[in-house]
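Engineer: Here's my sequence, what's the structure:
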Amino acid sequence: MPELRQRDPRVEDKAFLAYVRRQRCCVCGAPPPVQAAHIRMASPANNKRQTGKGERPSDKWCTPLCRECHEVQHKMSEAWFWRYHDFDPFKIALGFYAEFKR
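Structural biologist: Take a look at the predicted model:
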């Protein structure tokens with residue numbers, strides 16, 4: 001039987017996740033430590049595909065959220081959460097990733 005492979009293999013970056021956890025919550029501004037919240041929804045404009053069930057996106061697609069904001073985000077539609085707060089999570093994640101890589 002042929003080996004099944006993910007279309008875009010997940011890229012792990014533990015140092016970046018640690019960096020994100022040292023930031024303030026990007027929604028409410030709570031101080032660190034916070035959680036690294038992975039973005040699962042798609043953004044064709046940012047070359048980010050939808051993440052399937054049981055699959056985690058690459059670590060560059062995460063934003064800093066405090067525990068409370070992260071729990072709220074998981075209790076509703078991810079897209080609705082970001083629209084409600086009027087934030088672009090892709091811009092946030094890519095901004096932190098670019099800053100980290102400098």
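Engineer: Excluding chain neighbours, give the residue nearest to residue 40 in space.
Structural biologist: residue 51 (4.3 Å; C-beta to C-beta, 6 or more residues apart in numbering). Bear in mind the C-beta positions are built from the backbone N, C-alpha and C, glycine included.
Engineer: Which secondary structure element is home to the one you found?
Structural biologist: Under DSSP states H and E, no helix or strand contains residue 51.
Engineer: Just the C-alphas of the helix or strand harbouring residue 94, formatted as PDB.
Structural biologist: Secondary structure from DSSP H and E places residue 94 in helix 89-101. What follows is helix 89-101 as a C-alpha-only set of coordinates in PDB (Å, rounded to 0.1, in the frame of the first residue of the first chain):
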ATOM      1  CA  PRO A  89      -5.000  36.600  12.200                       C
ATOM      2  CA  PHE A  90      -2.900  35.900   9.100                       C
ATOM      3  CA  LYS A  91      -1.300  39.400   9.200                       C
ATOM      4  CA  ILE A  92      -0.700  39.000  12.900                       C
ATOM      5  CA  ALA A  93       0.900  35.500  12.500                       C
ATOM      6  CA  LEU A  94       3.100  36.500   9.600                       C
ATOM      7  CA  GLY A  95       4.100  39.700  11.300                       C
ATOM      8  CA  PHE A  96       5.300  37.800  14.400                       C
ATOM      9  CA  TYR A  97       7.000  35.200  12.200                       C
ATOM     10  CA  ALA A  98       8.900  37.800  10.200                       C
ATOM     11  CA  GLU A  99       9.900  39.600  13.400                       C
ATOM     12  CA  PHE A 100      11.100  36.400  14.900                       C
ATOM     13  CA  LYS A 101      13.200  35.500  11.800                       C
END
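Engineer: what's that helix in contact with?
Structural biologist: For helix 89-101, contacts defined as C-beta atoms under 8 Å, 6 or more residues apart in numbering pick out 15-16, 19-20, 23, 26, 39, 43, 45-46, 48, 60-64, 82.
Engineer: are any of those residues buried, and which?
Structural biologist: With burial judged by 16 or more other C-beta atoms under 10 Å, the buried subset of the contacts of helix 89-101 is 16, 19-20, 23, 26, 39, 43, 48, 60-64, 82.
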